[in-house]
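Peer 1: coords please:
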Amino acid sequence: MILKQMVKQSLPLLILCGIGGIFTGSILGSMVDIFHRIPGLLVVIPGIIALRGNISTAFGSRLGSAYHLGLINADNMWNDALKQNVLGSLVLSIVVSAAIGLIAYVTTFVFFQQQVNLFFLLGTVLLAGVASGLLLTSFTIGIIYLVFKRGYDPDNITGPALATIGDITTMLCIFASALIMEVIV
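Peer 2: Numbers count the residues shown, from 1 in each chain. Here you go, the predicted model:
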């Protein structure tokens with residue numbers, strides 16, 4: 001019975017996640033011109049996508065565990081446990097985004113001998129990290145709420161859904177942040 005329930009809950013979502021991965025690749029492909037104009041931006045992509053995926057799926061897992069432990073439920077989600085997890089997720093987004101921006105700056109200079117505008121690269125990564133963090137925190141809470149309401153096991157749904165939504169959202173945020181920073185700088 002558990003196998004049947006897991007397949008029923010997960011299979012349609014995993015197919016959608018595959019489609020989402022293709023969509024994410026399409027966003028990346030549309031950014032080729034920006035990568036030529038902005039040295040170092042391509043170096044940021046794997047790090048910032050991994051960051052968002054890891055923080056969002058860990059956040060979703062913590063909420064799923066809190067649900068299983070009875071700390072939160074669909075009728076009582078916005079409590080201290082959720083507030084602390086939201087704050088932790090957002091703080092991690094800011095700190096790790098800054099670290100990724102600095103590491104990308106050094107990596108681009110050392111390995112590719114390209115001069116990069118530190119303000120531009122760091123601003124792009126921070127803006128994308130914070131924007132995607134806010135969006136994905138909201139998506140995570142929404143997904144967890146819907147999963148609880150439908151009576152599904154959050155462990156079957158949240159990981160794949162958040163990883164895919166995180167990839168798409170983060171790529172869109174990087175794209176938009178780079179365009180914004182081009183105007184500012």
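
Peer 1: quick one, what contacts the spatially most central residue of the chain?
Peer 2: Centrality entry for the chain: nearest residue to the mean C-alpha point is Arg52, 2.9 Å, by C-alpha atoms, centre = their mean. The neighbourhood of Arg52, defined by C-beta atoms under 8 Å, 6 or more residues apart in numbering, consists of 93, 129, 132-133, 136, 166-167, 169-170. Bear in mind the C-beta positions are built from the backbone N, C-alpha and C, glycine included.

Peer 1: and with 6 Å instead?
Peer 2: Applying C-beta atoms under 6 Å, 6 or more residues apart in numbering, we find Arg52 in contact with 132, 166, 170.

Peer 1: confirm that the first one sits in a strand.
Peer 2: No: according to DSSP: H, G, I helix; E, B strand; the rest coil, the state of Ser132 is helix, so it is not within a strand.

Peer 1: thinking again about what came up before, okay, the residue nearest to the centre of the chain: pLDDT?
Peer 2: At Arg52, the model reports a pLDDT of 78.

Peer 1: now swap in Val32 and tell me
Peer 2: We note a pLDDT of 88 for Val32 in this prediction.

Peer 1: how many residues are close by it?
Peer 2: Counted by other C-beta atoms under 10 Å, the residues lying close to Val32 total 10.

Peer 1: with Gln9 instead?
Peer 2: Burial of Gln9, expressed as a neighbour count using other C-beta under 10 Å, amounts to 17.

Peer 1: helix or strand for it, which one?
Peer 2: helix 2-29 (DSSP states H and E).

Peer 1: which stretches in this protein count as strands?
Peer 2: Counting by DSSP state E, no segments of the chain form strands.

Peer 1: any regions of the chain where pLDDT drops low?
Peer 2: The chain contains residues with pLDDT under 70 at 1.

Peer 1: so where do the helices sit in it?
Peer 2: Using DSSP state H, the helices of the chain run over 2-29, 32-37, 41-68, 80-112, 118-150, 154-184.
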